[in-house]
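In: Need coordinates for the following:
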Amino acid sequence: MTQSKPYNITIYTDGASSGNPGPGGYGTILMSGPHEKVLSGGFRLTTNNRMELLAVIVGLEHLKFEGCNVTIYSDSRYVVDAVERGWLFDWEKKGFKDKKNPDLWKRFLLLYRKHKIKFIWIKGHADNPYNQRCDWLAVNASKSDDLMVDHGYEEGLKN
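Out: Residues are numbered from 1 along each chain as shown. As a prediction, this is how the structure comes out:
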């Protein structure tokens, strides 16, 4: 659903894995005006880059309207540079040949095209309170007793 007046949304994200690959998790905080939504989830076997990208995807999937102005703060050069430097769009043109995480990048692109998105890279563990909260969420999610299966990652191991 598209809103007549675009919402301004801020999203902070972080991903973590204990071992790479290993158990992992993501943490995401969405903010709009006085509203805040906190999201996290953990997986039994995944990579840090997958969790960094999934944190962004989950945040975007929780937006209620299309056409939002979204600023995403991430400490992941992998995610931020892929989008802001345009590499992702070259990868897409080449069918993600020899690129990791095509399942997540394709999922991201569907969401990316519904909004006006700007990424801002922030240094991790540098006293940004929202980044610290996202890191805490991601790490704790990765230690959960009921970790989910990262099908995209684990199925890729079989090929």
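In: those helices in this structure, which residues are they?
Out: 48-61, 77-84, 87-93, 102-112, 129-142, 151-158 (DSSP state H).
In: With mean neighbour count, distance to Y26 and mean pLDDT as extra columns, can I get the ones you listed in JSON lines?
Out: Where C-beta positions appear, they are placed from N, C-alpha and C, glycine not excepted. Formatted as JSON lines, these follow (neighbours: other C-beta atoms under 10 Å; distance: least, C-beta to C-beta, whole Å; pLDDT from 0 to 100):
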{"stretch": "helix 48-61", "mean neighbour count": "24", "distance to Y26": "4", "mean pLDDT": "98"}
{"stretch": "helix 77-84", "mean neighbour count": "18", "distance to Y26": "11", "mean pLDDT": "98"}
{"stretch": "helix 87-93", "mean neighbour count": "14", "distance to Y26": "19", "mean pLDDT": "97"}
{"stretch": "helix 102-112", "mean neighbour count": "17", "distance to Y26": "11", "mean pLDDT": "98"}
{"stretch": "helix 129-142", "mean neighbour count": "20", "distance to Y26": "5", "mean pLDDT": "97"}
{"stretch": "helix 151-158", "mean neighbour count": "12", "distance to Y26": "13", "mean pLDDT": "88"}
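In: any chance of those helices in a markdown table, with distance to V38 too?
Out: Formatted as a markdown table, those follow (distance: least, C-beta to C-beta, whole Å):
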| stretch | distance to V38 |
| --- | --- |
| helix 48-61 | 10 |
| helix 77-84 | 19 |
| helix 87-93 | 27 |
| helix 102-112 | 19 |
| helix 129-142 | 7 |
| helix 151-158 | 24 |
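In: Tell me which of those sits nearest to D14.
Out: Closest approach to D14 among these (C-beta to C-beta): helix 129-142, 3.6 Å.
In: Packing partners of that closest one?
Out: strand 8-17, strand 22-32, strand 35-46, helix 48-61 (3 or more C-beta pairs under 8 Å, 6 or more residues apart in numbering; DSSP states H and E).
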